[in-house]
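K.L.:
A predicted structure for the sequence below; I have some questions about it.
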Amino acid sequence: MFEVENLKVSYGQSEVIHEISFSANKNETLAIMGRNGMGKTTLFKSLMGILPSSATKVELEGTDLDGMDSYKRVASGLAYVPQGRMIFPNLTVQENIETGLQVSKQKKIPEDIFSLFPVLHEMRHRKGGNLSGGQQQQLAIARALVTNPKVLLLDEPTEGIQPSIIKDIAKVLNEIREMREITIVVSEQVLSFTMDIADRIMVIEKGNLIHEDLRENVDAAKIKQYLTV
Ligand SMILES: Nc1ncnc2c1ncn2[C@@H]1O[C@H](COP(=O)(O)OP(=O)(O)OP(=O)(O)O)[C@@H](O)[C@H]1O
């Protein structure tokens, strides 16, 4: 279980995340949806320890992550696929994935990574910068997965990706959850995508979680309203 209680994040004097609390179970996918500027990236960066925050609890399966450096959070089981993917354009696909291996202390990329992403195997000697947006997204997910996370955080994975490829990303995230039984927390603006992967959908607005539905009870019209300006 991944538990966050009363998380606050500020830029200088300006508080942009206001005492957010949520938890996500093992083998659960939670989507946090909201428009641009509502605080999704700030929330994820603070969970990774990239931005300072205060909370009464940030815990992963009993391990207290609050105040921990990013690299220790990764070693404790948190992995992050940032918005914009942030792969290394001048490293090959294989080298990009290998940067994640340092954490898991494995030497070789596990076989299941290439079974999940056959295209990355085909392209393993190409430079990351020469991949399409969808392929780069797969690469960023693969790089995060080789750290053997218990929780995978993905910040707007569909951004800038064409609709047919969005379906593939949804499929692979469902496969990952089935294979590894991990927790996935994804920030998104595309409801059709989150309906394909999420067990639960929350809405973030101006740094507050203001709405929550189980997928089977989703009021699509209401969520779409929150997502349109
Ligand atoms: N470095 C920063 N300094 C000051 N304010 C910031 C900074 N980064 C973001 N903000 C503000 O924090 C709020 C939340 O931004 P954030 O980027 O987390 O939103 P988001 O939901 O991820 O949006 P997007 O999808 O556009 O990235 C916004 O009001 C934004 O202007």
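P.N.:
Looks like it came in fine.
K.L.:
what about residue 76, neighbour count?
P.N.:
16 (other CB atoms under 10 Å). Quick note: C-beta positions are derived from backbone N, CA and C, even for glycine.
K.L.:
what about the closest residue to it other than its chain neighbours, distance to the ligand?
P.N.:
The shortest distance from residue 76 to any non-neighbouring residue, by CB to CB, 6 or more residues apart in numbering, is to residue 63 (5.1 Å). Distance, residue 63 to the ligand, by CB to the nearest ligand atom, to the nearest Å: 25 Å.
K.L.:
Show the pLDDT at residue 63.
P.N.:
pLDDT for residue 63: 95.
K.L.:
Over to the one 10 residues further on?
P.N.:
According to the model's per-residue confidence, residue 73 sits at a pLDDT of 95.
K.L.:
returning to what we had before: looks like the residue nearest to residue 76 contacts residue 75 (just checking).
P.N.:
No: assessed by CB atoms under 8 Å, residue 63 is found out of contact with residue 75, at 10.0 Å.
K.L.:
re the thing from before, phi and psi next, for the residue nearest to residue 76.
P.N.:
Main-chain torsions, residue 63, degrees, to the nearest 10: phi -90, psi 130.
K.L.:
Look up how far the ligand lies from residue 122.
P.N.:
Distance of residue 122 to the ligand, computed by CB to the nearest ligand atom: 31 Å.
K.L.:
Over to residue 167?
P.N.:
Using CB to the nearest ligand atom, residue 167 is found at 21 Å from the ligand.
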